[in-house]
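Peer 1: below: sequence and its predicted model.
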Amino acid sequence: MRTPIIAGNWKLNKTSREAIVLVEELKREVADLEGVDIVVCPPFTALESVSEVLTETNIALGAQNVYWADSGAFTGEISTPMLKDFGVQYVIVGHSERRQYFGETNETVNKRLRAALAHGLTPIVCVGENLAEREADQTFAVLQTQVQGSLAGLPAGQAGLTCDEMNKIVVAYEPVWAIGTGKTATPSMAQEAHAFVRGLLAKIFGPDTAQSVRIQYGGSVTPENIAALMSQPDIDGALVGGASLKAASFAAIINAARK
Ligand code: 13P
């Protein structure tokens, strides 16, 4: 059985001080909750302070991006050893905002994902179609290109990881038209995409690994719509933007997603 995983992507929000206030409150709200993996992904500048607050809690720390080289002349970038230094366990790669505004491609997403895996970080790899692609009936084609491109070359040659170990990858299906718009995919639309992605994973890693990979839904997730989404067989959690910026709403989503 797959343990649900709820991750908060704070995006470009919260100073270090504001981040501490938010996680202090969240920590109280979700203390002792079991049956769900909880992750927060603050901006890089708040990782250290948030990490201190989260020590010995049931909330794991994630980053919003990572560069593939460990060090070198790459001004403005952050590497996996730097993230691990702060106790980061998860890293989002290939978010649609990175693809849309910062020129990321499946190839660069793949490099980030491989670097994360090689250093023992759990990548949360984001895929999803935009509105024009959905309206042109291209959703499955886009998902196929993104999943195959982002996971290219795995598991062979990847830090000695076997197919079985690939189950630590988390995939987030985030239809771009649902992000920050208040327009959630209906549970059945999301389920259809998740089942398709799981089928692609089965072709890459085999059916057993595909069954154990968690696939999150992302895009306008709220305390009101999470239960219906989680009732779908292939939806294993959520990647939450706006509603993760308030402890009460994020905790409500976490509670509703528990087994
Ligand atoms: P919203 O929940 O604000 O729509 O953002 C979703 C998202 O992009 C999470 O990564």
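Peer 2: Here it is on my side, so go on.
Peer 1: and the residue of the stretch 151-259 of the chain closest to the ligand?
Peer 2: Taking Cβ to the nearest ligand atom, the ligand has its nearest neighbour within the stretch 151-259 of the chain at residue 241, 2.2 Å off. C-beta coordinates here come from the backbone N, C-alpha and C atoms, glycine included.
Peer 1: helix, strand or coil for the residue with the largest distance to the centre of the chain?
Peer 2: Within the chain, the residue lying farthest from the chain centre (Cα atoms, centre = their mean) is residue 73, at 27.9 Å. With DSSP: H, G, I helix; E, B strand; the rest coil as the basis, residue 73 sits in coil.
Peer 1: start the count at 48, not 1, going forward
Peer 2: Noted, 48 is the first residue going forward, which turns the last one into residue 120.
Peer 1: next up, phi/psi of residue 106, please.
Peer 2: phi -110, psi 130 (degrees, to the nearest 10).
Peer 1: for it, give the beta-bridge partners.
Peer 2: Beta-bridge partners recorded for residue 106 (DSSP bridges): residue 85.
Peer 1: now do it against the ligand, distance only.
Peer 2: 17 Å (Cβ to the nearest ligand atom, to the nearest Å).
Peer 1: what sits against that residue?
Peer 2: Residue 106 is in contact with 70, 73-74, 77, 85-87, counting by Cβ atoms under 8 Å, 6 or more residues apart in numbering.
Peer 1: give me every residue in the stretch 98-247 of the chain lying close to the ligand.
Peer 2: Contacts of the stretch 98-247 of the chain with the ligand, taken as Cβ under 6 Å from any ligand atom, map to 142, 221, 226-227.
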